[in-house]
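Engineer: Sequence unavailable; structure follows:
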Ligand SMILES: Nc1ncnc2c1ncn2[C@@H]1O[C@H](COP(=O)(O)OP(=O)(O)OP(=O)(O)O)[C@@H](O)[C@H]1O
Ligand SMILES: Nc1ncnc2c1ncn2[C@H]1C[C@H](O)[C@@H](COP(=O)(O)O)O1
Ligand SMILES: [Mg+2]
């Protein structure tokens, strides 16, 4: 499937999915990718939190789901991503989709409505690393889901619903596994190598 042909854009653009566990460091790495490559970073969690901050009725419903560490409905999150991609399609050098797909069906629907990704970056982190990073982030983040109970639920859901996404794309040969245990810069050198392999 040609990437983004069905997103009102005639250009062929790289679409990179960052599908990793909570607290594995995908947001941190996306910032560095934007700085080096100028790609457009779209985080499904950030888009949802913006809707929550707007105070809309839909935002209130989303907040209740996210506080519990559950997944919001697929159509809601995919429509938000698609809208954001269309808004940037004419000028973007490529899209980094952070936090999507969270389940195999999300990947299938993305391909039907938008296009196929060129790369899936999977930051492999130990559960204890993810918990430690999220608990530390929770000291200052203000995120309602950075607490012990919700972190546990998010991790359970990650192993149940999101890990199968990796196997789904491994069959296509587009998965690059990144070890999360080093410093931010050490992790980034692996991310950059994976992106450079696209050229
Ligand atoms: N390589 C690293 N070593 C140590 N700490 C890190 C590393 N990468 C990220 N962190 C820290 O871990 C925390 C989680 O990182 P980040 O917010 O990027 O994760 P995320 O995968 O986007 O999480 P979420 O799914 O909850 O949005 C942050 O406080 C970040 O500063
Ligand atoms: N792709 C998504 N599908 C359903 N729900 C999502 C998706 N991305 C984010 N969310 C909800 C549920 C998550 O626990 C929170 C926070 O997301 P994060 O990527 O960790 O910032 O938002
Ligand atoms: Mg994040």
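Structural biologist: Sure thing, it's come through. Quick caveat: nothing in here was measured; it's all calculated off a predicted structure. Residues are numbered from 1 along each chain as shown. Ligands and ions are numbered 1, 2, ... in the order given.
Engineer: can you tell me which helix in this protein is longest?
Structural biologist: helix 74-88 (DSSP state H).
Engineer: Quick check, the residue in this structure closest to ligand 2?
Structural biologist: For the chain, the residue closest to ligand 2 is residue 45, as judged by CB to the nearest ligand atom, at 2.0 Å. For the C-beta atoms, the positions are set from N, CA and C on the backbone; glycine is no exception.
Engineer: Quick one, grab the pLDDT at that residue.
Structural biologist: We have a pLDDT of 98 for residue 45.
Engineer: Equivalent analysis for residue 172, please.
Structural biologist: pLDDT at residue 172 comes out at 91.
Engineer: Over to residue 90?
Structural biologist: Residue 90 is given a pLDDT of 89.
Engineer: and if you look at residue 131?
Structural biologist: 98.
Engineer: Now it: which helix or strand?
Structural biologist: Counting by DSSP states H and E, the element that carries residue 131 is helix 127-137.
Engineer: packing partners for that helix?
Structural biologist: helix 148-157 (3 or more CB pairs under 8 Å, 6 or more residues apart in numbering; DSSP states H and E).
Engineer: Stretch 69-79 and ligand 1, any residue contact?
Structural biologist: No: contact of stretch 69-79 with ligand 1 (CB under 6 Å from any ligand atom) is absent, the minimum separation being 10.1 Å.
Engineer: so how far is the first residue of that stretch from its last?
Structural biologist: Terminal residues of stretch 69-79 lie 20 Å apart, using CA to CA, to the nearest Å.
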